[in-house]
Every structure is written in C-alpha cells, then in structure tokens.
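>>> give me a 3D structure for the following:
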Amino acid sequence: MARIQRGSLIYRHGVKGDTWLCRYLETVIVNGQRRVIHRSKVLGFAREISQAQAERLRDALLLPFQTNYQPVALIQFESYFTQWETVHLATYRDSTRKFYHDVAKGYIYPFFKGRLLCDIHPMEVQAFVNSFSPGCSQSVLKHIRAGLNSLFKIAVTWGYLKDNPANGLRLPPGRPVTRAPVLSIEQIGALLQKLDPPYRGMVLLAATTAVRPSELFGLQWGDLDGKGQVINISRRLYRRHLGETKTPQSVRSIPVASEVLAELLQYRGESDALVFQGVRGGPVRSDEVLREHIMPSARTLGLPEDLTWRSFRRSAETIMHNSGVPLKTQQSVLGHKNPSTTLLYAESTEESRRQAAGVLGRLLGCANLPKLLTERAT
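Residues are numbered from 1 along each chain as shown. Presented below is the predicted three-dimensional model:
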C-alpha cells in the first residue's frame, strides 16, 4: 500500500505554465522483492483547475491504493517485450506468431522502449495510435490495435499491469483498404487462353477453387485426388516456408472439375513434390510469377493494373455468390471460420443488381404500385 495515503499536492512553476503535481510513494515488486518508489503525476495546469479540483483528482489517483491494493511488478518495456516474445508468442501458430512479432517490433516497440511498463496509460496509447492517421490504412491500424491488446493483456495476466491500457481504444480514420479487383468469367477465360503451362494451371486452379495464394503454392502432387476429384488443403507456403494452414478451418477438401484436374495431372510428379515450383526448383515466389509471367498477358487484355493473386479468390467467391451458391457452401470452400468474412470477398455484379431491380419492379412497380397510389389518392 502507498505509504502516503493522501499524497502531497504541490504547486509547481513551469515555463509552459504553473501546474498541480501529486507526489506519492508506491509499493512495487522488483526481482521478486517489495520496494517503495517515489512517483509523481501532473494533475493539470493551475490556470485550468482550482486547488479543490486538484485535490479531487489527487484522491481519485490514489484511490486504487486504499483498498486491497496488490503491487505490480516493476519492469522496463524492453525486458517485458523479450519475455512476451519468448514465452507468449511461442503459444501461437507459426503464421500468427510472425504476424504479432512483426507488428509489435515494427510499430509498438520503437515507441514504448525506454519506458516502465506500468507507466504506460490509456491516453498515451490512444495518442500513439492516433499518430498513424491518416497515413496508414485501416487494415494497418487494426493490426496495431491487435498487437497492443496482445502485449498488454498478457502483462495484466502476468501481474505487470493492473489494467490493459489498450482497453477502450478507438481507431482513428485511416486510408480505405484497397481491395483486389474482381474479374468476370469472360476475363478469366481470356487470360487463361493467353497463358502457357505452368502459369495457366496456377490461374485455372486459383480461379476455380478460391484457394488462398499461400495454399495454392503449398500444394503437393499427393494433394490432388483425381479419383475423388478434390484437392486437399493441409499446408501453405508462407514467406517461402511450408507450414500449417492459416486456421484450423483452412484444412479442407475442395471439389474440382474433372477438366481442371486433367489439365494439371498431365504434368504430375512425385507425391511429396510441389505442384508449382520456381524456375530453379523449390518454392515459388508468387509476386515474381505474377509480375513477370501473368501481368504481361493481363495488360494485353486490358485487365486491371492492380491485379493480384487475391483477385482470383475474390472472383471465384463473387461468381459463387451471384450464382446462388448457399453461403454455408461458400464459407466451406473459402475455409473461413465466420460467414461474414466470406461475404467481404464477394462483389455485387451489374447483372445481379439488374435482377434485383427487376424483382423490385415486378413486386412494386408493375403489380402493386398503381393500387397503392390509387388508395393513397382516395
């Protein structure tokens, strides 16, 4: 418990203005031992709050120390970050561990290093996130929030913090996320005619199965079942490393048209060999294949310049969605845990919007509208 129950309220002169300052003693844990340290907190400018208001702020600040106070462990952010990396991240899947590490090391660590972990407060965390707006995309802001929550939530569990300073965090406006363009059936067909093996097989399989690019390039010949006419997704190629799928739901079997499998199986190799390999063998560099072998053909057809591998996945989902394939089936094919995620991949086509307009027109315009207008007039 803090030794000074009410704390010392001090009127301090400063260059930027006189302030009210609260000084108190706090019991903390350092290397397993209880210690008492001096703490201070600026309550506000004297020109903005009175002494009575400063006293109330001081009492609110020290209130948590009055009843059932459990001291926190005092630790530098850098030391805690190392523990979080080595102990907590080890519980994640490979890809998830890589994601959290990159976000935390690239964005969060540089800002908070040199600080005591227990001195990081919600307002400072909010200001930190605000500093990335509007330059960062909404997606990056969400990644930063996920990293902050992972870091501070475990700090509470381990007794380094009383509360998670990222709780209640609000994301500022960010740049809209650029979505991969969707291709029509005709555009995909024209592109396939332009491509030679093995690139035609890559696009064909991506566009007809909606697999993730990492799953596409992680396929081995043993995963192609010609008899059952399915491909079995059980691994992925992430940053040129073969490993487990993104989520448990990603392990699945996807039915494939016999014509698609026939196109691929004519080049069949050993069961444990990758279906698609780089020029010198080994894993494919998907960005290199797209840039050097697929985009030149796409440009001659006038396809979008921002075409990506995800475009084929989104195109397949859009075709299924607008063709009336049940949502549960779409979700299963894409390997999503949540059906709302599946819907994010689909685009409404001009044809489907015209069909919707026709339905509304038949229900309202042709049959019921004259009657409704007549009733209203009378």
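>>> report pLDDT for the closest residue to residue 138 other than its chain neighbours.
Of all residues not flanking residue 138 in the chain, residue 174 sits nearest, at 4.1 Å (C-beta to C-beta, 6 or more residues apart in numbering). (C-beta placed from N, C-alpha, C; glycine too.) At residue 174, the model reports a pLDDT of 85.
>>> ranges for the helices of the stretch 151-300 of the chain?
With helices called from DSSP state H, counting those that start in this stretch, the stretch 151-300 of the chain shows them at 185-194, 199-209, 213-216, 258-265, 286-289, 295-300.
>>> count the neighbours of residue 211 for me.
Residues contacting residue 211 under the criterion other C-beta atoms under 10 Å number 27.
>>> returning to what we had before: state the distance from the residue nearest to residue 138 to residue 165.
Note on residue 174: its distance to residue 165, by C-beta to C-beta, to the nearest Å, is 21 Å.
>>> check residue 7 too.
Counting by C-beta to C-beta, the gap from residue 7 to residue 165 is 22 Å.
>>> higher neighbour count, the two?
residue 165 (24 against 21).
>>> hang on, the more buried one packs against residue 121?
Yes - Residue 165 is within contact range of residue 121, at 5.6 Å (criterion: C-beta atoms under 8 Å).
>>> which other residues reach stretch 287-300?
191, 194, 195, 199, 202, 203, 304, 305, 307, 308, 309 (C-beta atoms under 8 Å, 6 or more residues apart in numbering).
>>> out of these, which are buried?
191, 194, 195, 199, 202, 203, 307, 308, 309 (16 or more other C-beta atoms under 10 Å).
>>> thinking again about what came up before, now distance to residue 134 and mean pLDDT too, for the helices of the stretch 151-300 of the chain, in JSON lines please.
Shown next, in JSON lines, are the helices of the stretch 151-300 of the chain (distance: least, C-beta to C-beta, whole Å; pLDDT from 0 to 100):
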{"stretch": "helix 185-194", "distance to residue 134": "33", "mean pLDDT": "94"}
{"stretch": "helix 199-209", "distance to residue 134": "33", "mean pLDDT": "93"}
{"stretch": "helix 213-216", "distance to residue 134": "29", "mean pLDDT": "93"}
{"stretch": "helix 258-265", "distance to residue 134": "43", "mean pLDDT": "88"}
{"stretch": "helix 286-289", "distance to residue 134": "27", "mean pLDDT": "91"}
{"stretch": "helix 295-300", "distance to residue 134": "30", "mean pLDDT": "96"}
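>>> do you know which of those helices lies nearest residue 169?
When the helices of the stretch 151-300 of the chain are compared by C-beta to C-beta, helix 213-216 sits nearest residue 169, at 29.8 Å.
>>> helices and strands around the closest one, which ones?
Other helices and strands packing on helix 213-216, by 3 or more C-beta pairs under 8 Å, 6 or more residues apart in numbering; DSSP states H and E, are helix 199-209, strand 236-238, helix 309-322.
>>> pull the last one out as PDB, backbone CA atoms only.
Meaning helix 309-322. This file holds the C-alpha atoms of helix 309-322, laid out as PDB (Å, rounded to 0.1, in the frame of the first residue of the first chain):
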ATOM      1  CA  TRP A 309      -3.400 -13.300 -56.700                       C
ATOM      2  CA  ARG A 310      -6.200 -12.500 -54.300                       C
ATOM      3  CA  SER A 311      -8.200 -11.300 -57.300                       C
ATOM      4  CA  PHE A 312      -8.800 -14.900 -58.400                       C
ATOM      5  CA  ARG A 313     -10.000 -15.800 -54.900                       C
ATOM      6  CA  ARG A 314     -12.400 -12.800 -54.800                       C
ATOM      7  CA  SER A 315     -13.500 -13.500 -58.400                       C
ATOM      8  CA  ALA A 316     -14.400 -17.100 -57.500                       C
ATOM      9  CA  GLU A 317     -16.300 -16.100 -54.400                       C
ATOM     10  CA  THR A 318     -18.200 -13.400 -56.400                       C
ATOM     11  CA  ILE A 319     -19.200 -15.900 -59.100                       C
ATOM     12  CA  MET A 320     -20.400 -18.300 -56.400                       C
ATOM     13  CA  HIS A 321     -22.300 -15.600 -54.500                       C
ATOM     14  CA  ASN A 322     -24.000 -14.200 -57.600                       C
END
